[in-house]
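let me see the structure of the following:
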Amino acid sequence: MSTPFCVNLSNISATEALGTALAHLCVPGRQLCLDGPLGAGKSTLARAIIEQVCGPQLDIPSPTFTIVQPYDALAGYEVWHMDLYRLTTAQDALALGIEEAFFDAACLIEWPDKIADLLPATVVTISLSITGELSRRAEIFASEQEQAIMSDMLGSELS
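Just a heads-up that it's a prediction; the model follows:
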C-alpha cells in the first residue's frame, strides 16, 4: 500500500458525496473496510454507498445488533453491510458466512480490525477521523493503481 489518498470532509453532505463517489468500488469480490472511532461517519458513508449501488431504500439501519445486513444491488448482486463492533473473535465472523461473501458479494465492513487476519490483501480501507463537530477526514488506502484512479475520479467528483 502506498501513502493514503486524503479527503477533508467539511460536513455530513461531504461524507455522503464521498460515499456516492466510492460506490463504483462496491462490486462483487470487493471489500471496503470502513475504519474509525464511534461517530466518525462510517455508517453515513455506508448508507451513501448502499443508496448509490442499490437504489433508494426505506431504511438503512446500522447492523450493530444484526451484524450483517444484505442489500440487493441494482446490478443483480448482494451488498453486505457488516458492523463487527460486537464480535469478540474473528471465528464468530466465519459463522456468518463472510468468506463466501468476500467472493460473491460486495462487502462494506465497519470495525474491520475485528477480522483483520481474515481480510484479503486487496481490501480498500477508508479510515475516518473526527476533525470537528461535523467535519471529518478520510484516508483511503488501496493499491497504487487504485489510488491513482480514485484520486482522478474523486478529485473531479468532490471538488
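
what about the helices in the protein?
Using DSSP state H, the helices of the chain run over residues 12-22, 42-54, 90-94, 98-104, 144-158.

just name the most buried of these.
Of all the helices of the chain, helix 42-54 has the most neighbours on average by mean count of other CB atoms under 10 Å, namely a mean of 23. Placement of C-beta: from N, CA and C, glycine included.

what angle separates that one from helix 12-22?
Put simply, helix 42-54 runs at 40 degrees to helix 12-22, going by axes from the mean of the first three to the mean of the last three CA atoms, to 10 degrees.

nearest to Asp113, of the helices of the chain?
Closest to Asp113 of those is helix 90-94 (CB to CB; 9.9 Å).

residues in contact with the closest one: which ones?
Outside helix 90-94, the residues that touch it by CB atoms under 8 Å, 6 or more residues apart in numbering are 82, 84, 87, 114-118.

farthest-separated two in those residues?
Maximum distance among these (CB to CB): 15.6 Å, for Met82 and Asp117.

looking at the two, which one has more neighbours?
Each of Met82 and Asp117 has its neighbours counted (other CB atoms under 10 Å); Met82 has more, 28 against 6.

surely the more buried one is in contact with Thr66?
No. Counting by CB atoms under 8 Å, Met82 does not reach Thr66; the two are 9.6 Å apart.

now do the contacts for the closest residue in space to Lys114 that isn't next to it in sequence.
Leaving aside its chain neighbours, Lys114 sits nearest to Leu84 (4.1 Å; criterion: CB to CB, 6 or more residues apart in numbering). Neighbour list for Leu84: 67, 93, 109-112, 114-115 [criterion: CB under 8 Å, 6+ apart].

so how far is Cys33 from Leu84?
10 Å (CB to CB, to the nearest Å).

mutual contacts of the two, please.
By CB under 8 Å, 6+ apart, the residues touching both Leu84 and Cys33 are 109, 112.

okay then, goodbye and thanks.
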